[in-house]
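1. give the three-dimensional model of this entry:
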Amino acid sequence: MKFWAKVFKVLGYIWLCLAAAFLLFRLGGVWINEGFSAVQDLLSPYNVLNFIFTAFIIAPGLGLLTLSEKLKNKSQS
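-> Sure, this is the predicted structure:
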């Protein structure tokens, strides 16, 4: 169980780093192609679709980290 907890933790952090890089490159691409006002529109709190997309991208990494913690706690008890 400890082995899988470590594997899932590493995979979770890798996923979150790749997701962050993807989202930052996406913002940079929007800035280059459409300008700063498009980035402001994209990051607007009223842009629910962007929020859902971002949560969809980040969720697997957070799920892997949560699973890692649960496996670690299960192996300790």
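
2. tell me the helices and strands packed up against the top helix by length along the chain.
-> The longest helix of the chain (DSSP state H) is helix 2-34. Here helix 2-34 touches helix 36-42, helix 48-76, going by 3 or more Cβ pairs under 8 Å, 6 or more residues apart in numbering; DSSP states H and E. Using the backbone N, CA and C atoms, a C-beta is placed for each residue, glycine as well.

3. closest one to Lys2 among the ones you listed?
-> Relative to Lys2, the nearest member of the helices and strands packed on helix 2-34 by Cβ to Cβ is helix 48-76, separated by 5.2 Å.

4. so which elements touch the closest one?
-> helix 2-34.

5. list the residues that contact the closest residue to Ile57 other than its chain neighbours.
-> Leaving out its chain neighbours, the residue that sits closest to Ile57 by Cβ to Cβ, 6 or more residues apart in numbering is Ala19, at 4.8 Å. Going by Cβ atoms under 8 Å, 6 or more residues apart in numbering, Ala19 touches Ile57, Ile58, Gly61.

6. highest neighbour count among these?
-> Using other Cβ atoms under 10 Å as the neighbour criterion, Gly61 leads these with 19 neighbours.

7. I'd say that residue and Leu16 touch.
-> Yes - the pair Gly61 and Leu16 qualifies as a contact (Cβ atoms under 8 Å) at a distance of 3.9 Å.

8. give me the phi and psi for the residue nearest to Asp41 when sequence neighbours are not counted.
-> Computed as Cβ to Cβ, 6+ apart, the closest residue to Asp41 that is not its neighbour in sequence is Asn47, at 6.8 Å. With angles defined as degrees, to the nearest 10, Asn47 sits at phi -90, psi 80.
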